[in-house]
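>>> coords below, sequence missing:
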Ligand code: ATP
């Protein structure tokens, strides 16, 4: 397939400010006698006419120096990472990544790559994951918009194929297995047959990847618009079982994820919610293995464990007419995400109603009297205050008292008895 020029698409699909930035960057690179390119996801999405979220540039030379020059022209700032010789330029509301073209080699499976910077764009493209992500676009003024497509990425974009660049790709970096699934499902593509065979052959290399890296792949997957389609595929290919033997994602999980999408709005961290759904059928011991394998932050592990603890307590909520204070007593130790996940999963109408009652009403009930008020009313400081506040709250929850006056009367009465 002949190469095309995508200058028109760049002008059409990118905001005018970013087009202007590209022209500026192209000019600045030429002045330094360097070549500069758009690469990776931005090119793929340009060609697919999909929305572009962020742009990545590669320069044949020192990215940090170039970024500093550009940032000063833009009154922006540079965040540099010298290990990979990459820089992020931030100005107004924009952010762009610039990296030095680099080649990579892997000393053993699962290792982070040894990096050699300041190579040419061809060597930089060779190190990439899939043909559709290995297309570069010239940004310098003379060739603006011309493509470099060494691996027939355009053809694979047309055919809808995820194809890796060489047979050692997944051995070099098994996180690409997760990436293959994500792109396949997001773009509604197919992993090409030979690539699929390589994935099956090299699946065990996933075990060579650190927990942190696998966790970040899983998180990326959970950030997709519909994580359930990637997870179903990951299950089908044996990728989930590579994290934990008992981790599965079948029809029930698929349904729950889809159901969650209608209710996720109030969550600041839907990934945590999804994780809790993912582990819902594990035992406590299996969950512990899972959290250790993925090196999950303690706060996340706590929510997951709470989810299972509450799952075990749900039968207590199904009992005949528990009082409000009993419902409160069962639930108030749990953080909201654990309760919400159980609310989503439970099939018991009664349990659901009681969880909702707690979330909507009971968890907000407060006594109007404080510990200090109780002391003024003659309760001695110490554990007695806590106990009295608890029985006051209980009475409030159960609607035995409904006003400050009734609270005071309650205290006087309990002191007298
Ligand atoms: P997304 O839309 O998911 O952000 P992206 O293509 O921008 O897609 P990034 O993870 O930001 O994805 O990576 C940018 C580019 O870097 C990719 O397009 C790919 O060329 C390359 N890349 C990223 N991770 C790897 C990897 N593990 N192995 C090889 N190349 C990679």
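Structure's in. What do you need? Keep in mind it's a predicted model, so treat the numbers as computed, not measured.

>>> show me what contacts the residue of the chain found nearest the ligand?
Residue nearest to the ligand within the chain (C-beta to the nearest ligand atom): residue 41, separated by 2.5 Å. Just so you know, the C-beta spots here come from the backbone N, C-alpha and C atoms, and that holds for glycine as well. Shown in contact with residue 41 (C-beta atoms under 8 Å, 6 or more residues apart in numbering): 53-54, 56, 133.

>>> and the pLDDT at it?
We note a pLDDT of 96 for residue 41 in this prediction.

>>> how about the one 4 residues further on?
According to the model's per-residue confidence, residue 45 sits at a pLDDT of 97.

>>> now it: closest residue in space, sequence neighbours ignored.
Excluding its sequence neighbours, the residue lying closest to residue 45 (C-beta to C-beta, 6 or more residues apart in numbering) is residue 52, at 5.1 Å.

>>> can you give me the strands in the protein?
Using DSSP state E, the strands of the chain run over 36-39, 55-59, 77-81, 86-91, 94-100, 102-105, 114-117, 135-138, 147-149, 161-162, 190-191.

>>> between the ones you listed, which one is nearest to residue 357?
Of all these, it is strand 94-100 that lies closest to residue 357, at 44.8 Å by C-beta to C-beta.

>>> what does the chain put close to the ligand?
For the chain, the residues in contact with the ligand (C-beta under 6 Å from any ligand atom) are 40-41, 56, 128-129, 133-134, 173, 175-176.

>>> distance from the longest helix along the chain to the middle of the chain?
Once the chain is assigned using DSSP state H, the helix that runs over the most residues is helix 298-317. Chain-centre distance of helix 298-317: 21 Å, with C-alpha atoms, centre = their mean, to the nearest Å.

>>> cool, and stretch 280-295?
Remark: stretch 280-295 is offset 19 Å from the chain centroid, using C-alpha atoms, centre = their mean.

>>> please apply the same query to stretch 38-49.
Taking C-alpha atoms, centre = their mean, one finds stretch 38-49 lying 22 Å from the centre of the chain it belongs to.

>>> report the buried residues of that stretch.
Using 16 or more other C-beta atoms under 10 Å as the test for burial, stretch 38-49 gives 38-47.

>>> and if you look at stretch 324-344?
Buried residues in stretch 324-344 (16+ other C-beta under 10 Å): 324-328, 330-331, 334, 337-344.

>>> which of the residues you listed fall in helices?
Using DSSP H, the buried residues of stretch 324-344 in helices are 324-328, 330-331, 337-344.

>>> the residues you listed: which two are farthest apart?
325 and 344 (25.2 Å).

>>> so what's the residue positioned nearest the centre of the chain up against?
Geometric centre of the chain, nearest residue: residue 219, 3.6 Å, by C-alpha atoms, centre = their mean. Listed by C-beta under 8 Å, 6+ apart, the contact set of residue 219 reads residue 271.

>>> can we start the residue count at 800 from this point?
Happy to do that; since the first residue is 800 now, the last one works out to residue 1018.

>>> may I ask which of the contacts of residue 840 has the most neighbours?
Ranked by the number of neighbours (other C-beta atoms under 10 Å), the contacts of residue 840 place residue 932 first, at 19 neighbours.

>>> could you find the closest non-adjacent residue to that residue?
Once flanking residues are discounted, residue 932 sits nearest to residue 839: 5.4 Å by C-beta to C-beta, 6+ apart.

>>> quick one: residues contacting the one you found.
Shown in contact with residue 839 (C-beta under 8 Å, 6+ apart): 855, 927, 932.

>>> that one and residue 896, how far apart?
Residue 839 is 9 Å from residue 896, where distance means C-beta to C-beta, to the nearest Å.

>>> next: residue 1179.
Shown here: residue 1179 relative to residue 896, a distance of 64 Å by C-beta to C-beta.

>>> who's more crowded, these two?
residue 896 (20 against 9).

>>> beta partners for the more buried one?
Residue 896 has these beta-bridge partners by DSSP bridges: residue 855, residue 887.

>>> who touches it in this structure?
Contacts for residue 896 (C-beta under 8 Å, 6+ apart) come out as 853-856, 885-887.

>>> pLDDT score assigned to it?
Here the pLDDT value assigned to residue 896 is 96.

>>> before we move on, what about residue 1215?
For residue 1215, the model assigns a pLDDT of 66.

>>> kindly report the same for residue 1163.
The score at residue 1163 is 96. That number is its pLDDT.

>>> against residue 1127, how distant is it?
Applying C-beta to C-beta, the value for residue 1163 to residue 1127 is 11 Å.

>>> the strands of the chain: lowest mean pLDDT?
Taking the mean pLDDT of these, strand 913-916 comes last: a mean of 74.

>>> direction included, what does that strand pair against?
When DSSP bridges is applied, strand 913-916 pairs with strand 901-904 (antiparallel).

>>> can you point out the buried residues in the partner strand?
Under the neighbour-count criterion of 16+ other C-beta under 10 Å, strand 901-904 has 901-903 buried.

>>> and what of stretch 1084-1104?
Within stretch 1084-1104, the residues scored as buried using 16+ other C-beta under 10 Å are 1085-1086, 1088-1090, 1092-1093, 1095, 1099-1100, 1102-1104.

>>> quick one on the thing from earlier: show me just the buried residues among the contacts of residue 896.
854-856, 885-887.

>>> outside of stretch 809-826, which residues touch it?
Residues outside stretch 809-826 that contact it (C-beta under 8 Å, 6+ apart): 835, 837, 845, 848, 851, 854, 856, 865, 869, 872-873, 891, 893, 895, 897, 936, 938-940, 943-944.

>>> which residues does residue 884 contact?
For residue 884, counting by C-beta under 8 Å, 6+ apart, the contacting residues are 861-863, 898-899, 901, 916-917.

>>> now render these as CSV, adding distance to residue 1118.
As requested, those are exported to CSV (distance: C-beta to C-beta, whole Å):
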residue, distance to residue 1118
861, 69
862, 64
863, 64
898, 60
899, 65
901, 63
916, 66
917, 70
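
>>> neighbour-wise, which one of those leads?
residue 862 (29 neighbours).

>>> just the helices in the stretch 950-1099 of the chain please.
Ranges of helices in the stretch 950-1099 of the chain, per DSSP state H, counting those that start in this stretch, are 952-958, 968-971, 974-986, 992-1001, 1010-1022, 1026-1035, 1038-1042, 1050-1060, 1069-1077, 1083-1092, 1097-1116.

>>> redo those helices as a markdown table? Include mean pLDDT.
As requested, the helices of the stretch 950-1099 of the chain are exported to a markdown table (pLDDT from 0 to 100):
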| stretch | mean pLDDT |
| --- | --- |
| helix 952-958 | 98 |
| helix 968-971 | 96 |
| helix 974-986 | 98 |
| helix 992-1001 | 98 |
| helix 1010-1022 | 96 |
| helix 1026-1035 | 97 |
| helix 1038-1042 | 95 |
| helix 1050-1060 | 93 |
| helix 1069-1077 | 92 |
| helix 1083-1092 | 97 |
| helix 1097-1116 | 96 |
